[in-house]
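**Q** compute the structure for the input listed below.
(one chain, ligands or ions: 1)
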Amino acid sequence: MLDIQHISKRIAFKSILEDIHFTLQTGRSLAVVGESGSGKSTLARIIMGLERPTSGRILFNGVPAPERKTAEFKSWYQQIQFVFQNTAASLDPRMTIFQSIEEPLCHLTKLRKNDRKVLVHEYAAKVGLPQPLLSSVPSHLSGGQYQRACIAKALIVRPKLLVCDEIVSNLDVIHQHTIIELLQSLQAEQQLSLLFITHDLSLVPSLCEDVLVMKDGRMVELIQSALLNSSQHPYTASLLGAVKLLGQHWHH
Ligand SMILES: Nc1ncnc2c1ncn2[C@@H]1O[C@H](COP(=O)(O)OP(=O)(O)OP(=O)(O)O)[C@@H](O)[C@H]1O
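**A** Below you'll find the predicted structure:
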């Protein structure tokens with residue numbers, strides 16, 4: 001379904017991404033891990049259509065990503081939704097949480113007001129956002145609640161693929177786990193494919209079947225997360241070593 005074909009990106013003669021290629025099948029989950037500066041966010045921005053690759057292309061169900069501002073762009077991107085690390089900028093501070101979650105339905109569907117309202121309540125409940133919070137503005141939410149609102153906003157148009165860029169990095173461990181459990185259950189319920197970008201390898205095994213390890217814009221290896229512990233690659237081993245040094249738990 002998502003087919004990343006030999007993506008490279010150069011900015012001012014500097015190579016940011018070099019020959020990234022992988023596929024992500026329906027209902028599967030892939031983590032993209034690597035230390036800061038390895039090119040993860042650039043890859044996410046290219047998948048989103050915010051940046052163009054220098055070479056290579058992206059197909060979704062066999063269809064190449066359309067140019068921005070075309071009619072095809074809208075329907076292509078209805079299938080792929082994103083949740084970002086930069087949470088403070090993800091929701092409009094002047095809108096209520098209800099309006100924010102409703103917004104993509106206004107842009108991407110022809111649903112009537114009442115039907116939109118039913119869906120907003122349904123998705124708020126799905127992500128565990130208490131109903132009274134829907135009339136609040138984003139600044140009144142905790143980090144975990146804010147992230148749930150972003151997830152509800154992304155999922156309400158029933159995308160086939162959800163791309164998450166560092167979405168739990170700013171949360172404490174308990175909230176990290178509830179968000180990961182939420183993604184697991186939504187994934188199973190909606191046959192959602194998940195691309196989970198993180199610098200934190202400890203989060204990967206509980207959520208993703210496969211892992212793409214990146215370093216300096218290149219693919220180090222693509223490996224099943226169940227086999228991570230036995231990776232022969234020195235860079236993957238060093239990332240794993242860092243996780244163990246921090247004393248984090250390994251959730252299989
Ligand atoms: N517009 C740009 N101009 C110049 N260099 C850039 C630009 N965008 C990204 N880079 C460089 O590309 C490299 C990869 O950045 P990117 O943000 O994709 O990495 P990352 O793995 O997501 O890091 P982090 O986890 O810190 O967000 C970095 O060295 C960064 O400085």
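**Q** can you tell me the closest non-neighbouring residue to residue 77?
**A** residue 49 (6.8 Å; CB to CB, 6 or more residues apart in numbering). No exception for glycine: its C-beta is placed from N, CA and C like everyone else's.
**Q** adjacent strands (with direction) for the helix or strand hosting residue 5?
**A** According to DSSP states H and E, residue 5 maps onto strand 2-11. Partners of strand 2-11 in the sheet, by DSSP bridges, are strand 14-24 (antiparallel), strand 55-60 (antiparallel).
**Q** and the longest one, how far from the chain's centre?
**A** For strand 14-24, the separation from the chain centroid amounts to 17 Å (computed by CA atoms, centre = their mean, to the nearest Å).
**Q** let me know the next secondary structure element after that strand.
**A** Per DSSP H and E, the helix or strand that comes after strand 14-24 is strand 29-33.
**Q** near the ligand at all, that next one?
**A** No: figure legend: strand 29-33 not in contact with the ligand (CB under 6 Å from any ligand atom); closest approach 8.7 Å.
**Q** switch the strands paired with strand 2-11 over to JSON lines; also include distance to the ligand.
**A** Below are the strands paired with strand 2-11 laid out as JSON lines (distance: least, CB to the nearest ligand atom, whole Å):
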{"stretch": "strand 14-24", "distance to the ligand": "4"}
{"stretch": "strand 55-60", "distance to the ligand": "15"}
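**Q** follow-up on the earlier one: how far away is the residue nearest to residue 77 from residue 96?
**A** Using CB to CB, to the nearest Å, we find residue 49 at a distance of 28 Å from residue 96.
**Q** same check on residue 56?
**A** 41 Å.
**Q** go on, residue 39?
**A** 36 Å.
**Q** between those two, point out the one with more neighbours.
**A** More neighbours surround residue 39 than the other of residue 39 and residue 96, with 23 against 17 (other CB atoms under 10 Å).
**Q** which non-adjacent residue is nearest the more buried one?
**A** residue 217 (4.1 Å).
**Q** and the one you found, how many neighbours does it have?
**A** 22.
**Q** any idea which residue sits dead centre in this protein?
**A** The centroid of the chain falls nearest to residue 164 when counting by CA atoms, centre = their mean (1.4 Å).
**Q** what pLDDT does the model give that residue?
**A** Looking at residue 164, its pLDDT stands at 92.
**Q** the helix or strand hosting it - which strands sit beside it in the sheet, and in what orientation?
**A** Element membership for residue 164 (DSSP H and E) is strand 161-165. Next to strand 161-165 in the sheet, as set by DSSP bridges, lie strand 80-83 (parallel), strand 193-198 (parallel).
**Q** of all these, which lies closest to the ligand?
**A** strand 193-198 (7.3 Å; CB to the nearest ligand atom).
**Q** state the mean pLDDT of that closest one.
**A** 93.
**Q** and the next helix or strand past it?
**A** Next along from strand 193-198, by DSSP H and E: helix 204-207.
**Q** still on that earlier bit, surely the residue nearest to residue 39 is in contact with residue 40?
**A** No: judged on CB atoms under 8 Å, residue 217 makes no contact with residue 40 at a distance of 9.7 Å.
**Q** show me the shaky parts of the stretch 101-250 of the chain.
**A** Residue ranges of the stretch 101-250 of the chain with pLDDT under 70: 244-250.
**Q** looking at it, which residue is nearest the ligand?
**A** residue 199 (4.9 Å).
**Q** and that residue, how many neighbours?
**A** For residue 199, using other CB under 10 Å, the count is 17.
**Q** ok so, going back, put together a markdown table for the strands paired with strand 2-11, with mean pLDDT and mean neighbour count on each row.
**A** Formatted as a markdown table, these follow (pLDDT from 0 to 100; neighbours: other CB atoms under 10 Å):
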| stretch | mean pLDDT | mean neighbour count |
| --- | --- | --- |
| strand 14-24 | 96 | 17 |
| strand 55-60 | 94 | 15 |
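**Q** list the contacts for the residue lying closest to residue 96 once chain neighbours are set aside?
**A** Leaving aside its chain neighbours, residue 96 sits nearest to residue 135 (5.4 Å; criterion: CB to CB, 6+ apart). Counting by CB atoms under 8 Å, 6 or more residues apart in numbering, residue 135 touches 96-98.
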